[in-house]
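K.L.:
Dropping the sequence and predicted coords here.
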Amino acid sequence: MSRYRPPRTAGTPLITPEGEARLRAELHELWHVRRPQVTQAVSEAAALGDRSENAEYIYGKKMLREIDSRVRFLTKRLEKLKAVSERPSDPNKVYFGAWVTLEDEGGQEARYRIVGPDELDLKQNLISIDSPLARALVGKALDAEVRVATPTGEKCWYVVQIDYP
């Protein structure tokens, strides 16, 4: 059995300006701060002698590979992404970048922002444009009913508020 895993799909090539700034800051941090530190540590560990049993050297080389891999990914991904900063022509409908307040049948409210797949963070209520909920929301207006199939069954929400930052 091979260990091959097909590459994950990149998703929609959209990102908010804030998300792009976070990815660029991460790239800068990795390339200009972390990589030089790890490179210095590896060269110091290599100067100690036998590299075959030098845990600091082996761990440092592994860290360099991980940093380089992430830098390559971020560089390629940032080239493909398009930052969407302009507001839509109809701000009364849900589009990319919108903060949407939803109310379920029980009266519970939830607020989500529709962002690119690289910004997904459920703790901050940021949902990907590729998610089933976001796909169902796009193009809906205020007071629209949204039905989404979830693992626990079909859920129904109503669009209560739409805001664009």
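P.N.:
Sure thing, it's come through. Numbering: from 1, shown residues only.
K.L.:
for the top strand by length along the chain, what is the average pLDDT?
P.N.:
Identified as the longest strand of the chain according to DSSP state E is strand 153-163. Rounded to a whole number, the mean pLDDT of strand 153-163 is 93.
K.L.:
strand partners of it, parallel vs antiparallel please.
P.N.:
strand 99-104 (antiparallel), strand 145-150 (antiparallel) (DSSP bridges).
K.L.:
Turn those into CSV, columns for distance to Lys80, mean neighbour count and mean pLDDT.
P.N.:
Yep, even glycine has a C-beta here, placed from its N, CA and C like the rest. Shown next, in CSV, are the strands paired with strand 153-163 (distance: least, Cβ to Cβ, whole Å; neighbours: other Cβ atoms under 10 Å; pLDDT from 0 to 100):
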stretch, distance to Lys80, mean neighbour count, mean pLDDT
strand 99-104, 25, 17, 94
strand 145-150, 28, 11, 91
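K.L.:
I'd like the ones you listed as CSV, with distance to Glu20 appended.
P.N.:
As requested, these are exported to CSV (distance: least, Cβ to Cβ, whole Å):
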stretch, distance to Glu20
strand 99-104, 18
strand 145-150, 28
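K.L.:
got the contact list for the longest strand of the chain?
P.N.:
91-94, 98-105, 109-111, 137, 140-148 (Cβ atoms under 8 Å, 6 or more residues apart in numbering).
K.L.:
at 6 Å what do you get?
P.N.:
94, 98-105, 140, 142, 144-148 (Cβ atoms under 6 Å, 6 or more residues apart in numbering).
K.L.:
confidence score at Ala10?
P.N.:
Value listed for Ala10 in the pLDDT field: 66.
K.L.:
Could you report the distance from Tyr112 to Lys61?
P.N.:
Computed as Cβ to Cβ, to the nearest Å, the Tyr112 to Lys61 distance reads 42 Å.
K.L.:
Same question for Tyr158.
P.N.:
Distance from Tyr158 to Lys61, by Cβ to Cβ: 55 Å.
K.L.:
Which parts of the chain are helices?
P.N.:
17-29, 35-46, 55-80, 132-137 (DSSP state H).
K.L.:
In contact with the most far-flung residue of the chain relative to its centre: list those residues for me.
P.N.:
Distance from the C-alpha centroid of the chain, by Cα atoms, centre = their mean, peaks at Gly49 (41.8 Å). By Cβ under 6 Å, 6+ apart, the contact list for Gly49 is empty.
K.L.:
for it, phi and psi?
P.N.:
Gly49 adopts backbone torsions of phi 120, psi -130, taken as degrees, to the nearest 10.
K.L.:
mind starting the numbering at 45 from now?
P.N.:
Done: numbering now begins at 45, and the last item shifts to Gly93.
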